[in-house]
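quick one: sequence and predicted model below, then my questions.
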Amino acid sequence: MKIGVIGVGVMGSNHARVLSEMAGVTLVGVADPDRAQRDLVGRNLGCAVFADLEGLIASGVEAVTIAAPTHLHHDLALACIARGLHVLVEKPIAPTVEEGRAIVAAARRAGVTLMVGHVERFNPAVESIKRAIKGQDILSIAITRVGPFPPRMSNVGVVIDLAVHDIDLIGWFTGSKIVEVQPQLSSAKAEREDIALLQFRTASGVLAQINTNWLTPFKARTVHVATKRKYVIGDLLTRQVTECFGFQPDGSYSMRHLSVGHAEPLRAELSAFVQAIRTGSDPAVTGEDGVASLEIAIRCLNDRVADVLPRKTPRRVVG
């Protein structure tokens, strides 16, 4: 299968690297307006380079992955779909719900595969958590995703950049739509929100919360899931998953570490994309999934716009 990559910044370069190593796949080339960056990737991987999308399409690709800035996703995806190309577009699918839905509708009309790059679903620790809670009566989910401010980020805040991962996971873990949103947002250092405390309720009654920020000096990615019969704790960075079970009236319980794989999440995601194209089956993360997560993220932003205004003076602790 002949595949190309559009946009070879940090994420796109990794797309290109993985595709160049996959069996049954030929990385035809990469497209990026940054000449130095595209040439660097081309030299390292031995593939063709193009300044624009038209050159890449003309090279004979059958599918593309789009890792360009979010505001370009809509136009790039529609142009590729119009040429009959299968598309994987990085999260978020688009900057607006309307543009996301337009991409989904275009792919459906064209009969091409459309997948959204919510790569966290392919994290082996997340997959282990998913297996552990299968068939369980989920009560609550608490996710922490924090870290230092990324210098590359300028056009979105933590909700779109970070929390959208976990909004997707909440829907995937529960198999239920989020129906209630209670966001608390603040901007401490950045122009856009850099602190977000988000609370949700799903249609099935699960309570969920996301704690995310760009103020923590170290990265942390943890998931806690409570069910009626067990409590599962996962560290998505160290890929350790622990299950607490057998709760007794005296407060005692048992613990065990669960099996976690070692696959590279991006490699698993791109393999799933290729497999969906070859079999004609629904991709692991559909366009509809991507739009649903984006819609909830935007609701979080719209419901608390006033709270995002930067503070003029720092808060003081009195007493």
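Yep, it's here. Numbering: from 1, shown residues only.

CA only for contacts and neighbour counts going forward, please
Will do.

the top strand by length along the chain - what's its average pLDDT?
Longest strand of the chain, by residue count under DSSP state E: strand 215-227. For strand 215-227, mean pLDDT rounds to 97.

which parts of that strand are buried?
Using 16 or more other CA atoms under 10 Å as the test for burial, strand 215-227 gives 220-227.

same check, this time on stretch 66-75
Result for stretch 66-75 [16+ other CA under 10 Å]: buried residues 66-68, 70, 73-74.

tell me which of those residues has the lowest pLDDT.
Scanning these for pLDDT, the low point is Thr70. It has 93.

I'd like the distance between that one and Arg109.
23 Å (CA to CA, to the nearest Å).

just Arg256 next, same as before
48 Å.

same deal with Glu264?
For Glu264 relative to Arg109 (CA to CA), the value is 33 Å.

which one's more surrounded, these two?
Glu264 (13 against 10; other CA atoms under 10 Å).

could you find the closest non-adjacent residue to that one?
Excluding the flanking residues, the one nearest Glu264 by CA to CA, 6 or more residues apart in numbering is Asn123, at 7.4 Å.

which strands or helices does the longest strand of the chain pack on?
Here strand 215-227 touches strand 138-148, strand 230-235, going by 3 or more CA pairs under 8 Å, 6 or more residues apart in numbering; DSSP states H and E.

and the strands in this protein?
Under DSSP E, the chain gives strands at 2-6, 26-31, 48-50, 63-66, 86-90, 114-117, 138-148, 178-186, 195-202, 207-213, 215-227, 230-235, 240-245, 254-257.

got a pLDDT number for the residue lying closest to Tyr253 once chain neighbours are set aside?
Closest residue to Tyr253 apart from its sequence neighbours, by CA to CA, 6+ apart: Phe247 at 4.5 Å. Here, the pLDDT recorded for Phe247 equals 95.

thought Phe247 was touching Ser254?
Yes: Phe247 lies in contact with Ser254 (CA atoms under 8 Å); the separation is 7.3 Å.

more neighbours: the two, which one.
For Phe247 versus Ser254, the count of surrounding residues by other CA under 10 Å is larger for Phe247: 14 against 11.

that one: what's it in contact with?
Applying CA atoms under 8 Å, 6 or more residues apart in numbering, we find Phe247 in contact with 229-230, 253-254.

specify which member of these is nearest to Arg131.
Relative to Arg131, the closest of the contacts of Phe247 is Lys230; by CA to CA it sits at 12.7 Å.

show me what the closest one is bridged to.
Phe245 (DSSP bridges).

from Val61, how far out is it?
According to CA to CA, Lys230 and Val61 sit 48 Å apart.

how deep is the residue nearest to Ile81 when sequence neighbours are not counted tucked in, by neighbour count?
Leaving aside its chain neighbours, Ile81 sits nearest to Ala107 (6.1 Å; criterion: CA to CA, 6+ apart). Using other CA under 10 Å, Ala107 has 24 other residues around it.

and for Glu21?
Neighbours of Glu21 (other CA under 10 Å): 13.

check what pLDDT it gets.
97.

what's stretch 248-256 in contact with?
Taking CA under 8 Å, 6+ apart as the rule, stretch 248-256 contacts 242-247.

turn these into JSON lines, columns for distance to Ala190.
Converted to JSON lines, the contacts of stretch 248-256 look like this (distance: CA to CA, whole Å):
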{"residue": "Thr242", "distance to Ala190": "35"}
{"residue": "Glu243", "distance to Ala190": "38"}
{"residue": "Cys244", "distance to Ala190": "39"}
{"residue": "Phe245", "distance to Ala190": "42"}
{"residue": "Gly246", "distance to Ala190": "45"}
{"residue": "Phe247", "distance to Ala190": "44"}
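
list buried members of those residues by neighbour count.
By 16+ other CA under 10 Å, the contacts of stretch 248-256 give 242-245 as buried.

which residues touch the closest residue in space to Phe50 that isn't next to it in sequence?
Taking CA to CA, 6+ apart as the measure, Phe50 lies nearest to Ala31, with 4.6 Å between them; neighbours along the chain are not counted. Counting by CA under 8 Å, 6+ apart, Ala31 touches 4-8, 38, 49-53, 55-56.
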